[in-house]
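Undergrad: Build me a model from this:
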Amino acid sequence: MSVERELLEAALGYEFRNPELLRRALTHKSHAHEKPAAENAPSEDNEQLEFLGDSILGFLISEFLIERHPNLAEGRLSKLKARLVSAAHLHSVALRLELGRFLLLGKGEQMSGGREKPALLADAVEALIAAIYLDGGIEAAREFVRRHVAVDLEAMLPLVDYKSALQEFAQARGLPTPRYVLVQERGPEHAKSFTVEVRVGDLWSAQAEDHSKKTAGQQAARLLLDQLTAQNP
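TA: Numbers count the residues shown, from 1 in each chain. Take a look at the predicted model:
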């Protein structure tokens, strides 16, 4: 095993049984096109692996989000998924893994800074996911995605608007529109605390307290969404 392959596999947390799949996942078309290909020979670059990896990644991220946040409305799940499979996020994954140093590029691509190109690096991550899937199966791909791609989720969660999620849930099931009331405000000016109550009709309500009225409203919406989901699956 080469030192470079050993270093990369250690970073990936996966050891390839078929190292040819790893090599292909890292081979840009500019490098493959510099080598004469035999007639009818299969592609030696990573474009087909990237195509497959895109679908596998989408499935595994969807699965992960539903497991982690079973009560989120479809619209919120879609927003989180879009962030986790975005080229920008995959580029950050590639930077953490230092994939650029391992890419096989043509001379022209290398001269033009291909090892640092965000789109090229993001594509390589998708190709790697497919290569791991073909080499070790869906469990190996799942482990890689959860270790390296399904990360930074907590930083993305502020994008989840629980008020909107609660309203969408209520509308979809013919329930009354949620109503929010500030029921208590206490504490000194520099450290106020707010209690917000949300009600859906006369039967369902939840309260939450926070130093921010906005956050208290979001927390109350999340609590009531949990209640309603349990009672109205």
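
Undergrad: At the geometric centre of this structure, which residue do we find?
TA: Leu84 (2.3 Å; C-alpha atoms, centre = their mean).

Undergrad: per-residue confidence for the closest residue to it other than its chain neighbours?
TA: Nearest residue to Leu84, sequence neighbours excluded (C-beta to C-beta, 6 or more residues apart in numbering): Ile61, at 5.0 Å. The C-beta positions use only the backbone N, C-alpha and C, and glycine is treated the same way. Note on Ile61: pLDDT of 97.

Undergrad: roughly how far out does the helix or strand in which Ile61 is found sit from the chain middle?
TA: When elements are assigned from DSSP states H and E, Ile61 belongs to helix 47-68. Mean-position distance between helix 47-68 and its chain equals 9 Å (C-alpha atoms, centre = their mean, to the nearest Å).

Undergrad: ok, residues contacting the helix or strand just after it?
TA: Using DSSP H and E, the next helix or strand after helix 47-68 towards the C-terminus is helix 74-84. If you take C-beta atoms under 8 Å, 6 or more residues apart in numbering as the criterion, helix 74-84 is touched by 58, 61-62, 65-66, 69, 72, 89, 149-150, 153, 156-157, 159-161, 164-165, 168.

Undergrad: Check stretch 184-195 too.
TA: Outside stretch 184-195, the residues that touch it by C-beta under 8 Å, 6+ apart are Leu182, Val183, Gln207, Ala208, Glu209, Asp210, His211, Ser212, Lys213, Ala216.
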